[in-house]
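3D model of this:
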Amino acid sequence: MSVTIFHNPKCGTSRNTLALIRNAGIEPEVIDYLAEVPARESLAAMIAQAGLTVRGAMRAKEAVFAELGLENPALGEDALLDAMIAHPILINRPFVVTPLGARLCRPSELVLEILPLPQKGAFTKEDGEAVIGADGKRV
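Numbers count the residues shown, from 1 in each chain. The predicted structure is shown next:
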C-alpha cells in the first residue's frame, strides 16, 4: 500500500498528519518537499486530484507570496505553478496521496478521509486536542 506525505517537519499540522498516518499502522513515504521539490507535472496532478485550484494550494501567508505579487488575480495557474516550483515554501502542506485519493490535510484530520486503514488507537494532537479515542474512532 502506497501512502505519500509531502511533509514539512517544522509544521505542526504536517507532524500531526504524519502521526495520524502512523497511528493507522502505515509507514508512509515521507517527502520533505522543501528539499525534494515535486516535479511540476506531479504537483499539478496532485493539486487537481485533491480538488483544488493551484491558487488554493498555495501558502499566501509566506512573505515571498507578496514579494512576487502572487495575489494578482490575473496570474494564471501556469505562473503560479512556476512560482511554487521555484519557491516550494509556497506549496501548502501537508499533501497526502493514498490509493483512495489526495488531500491537502488542513486540518490534519482530513487525512482520515483517504487512509486505507482505520486508526489503531487513541490520538491527541500536539496542542492537546483529542482526535481519536481509545476505540480508534473519531472523538
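
Where does Asn16 sit: helix, strand or coil?
Taken by DSSP: H, G, I helix; E, B strand; the rest coil, the conformation at Asn16 corresponds to helix.

Next, count neighbours for it.
With neighbours defined by other Cβ atoms under 10 Å, the count for Asn16 comes to 23. For glycine as for every other residue, the C-beta is placed from the backbone atoms N, C-alpha and C.

go on, Ala60?
12.

In which helix or strand does it reside?
Taking DSSP states H and E as the criterion, no element holds Ala60; it sits outside all helices and strands.

and it, what is it in contact with?
Taking Cβ atoms under 8 Å, 6 or more residues apart in numbering, we find Ala60 in contact with Leu70, Glu71.

do you know how far it is from Ala45?
22 Å (Cβ to Cβ, to the nearest Å).

Kindly report the same for Glu27.
Using Cβ to Cβ, one gets 24 Å for the distance from Glu27 to Ala45.

out of these two, which sits in the more crowded spot?
More neighbours sit around Ala45 than around the other of Glu27 and Ala45, counting by other Cβ under 10 Å; the figures are 14 against 9.
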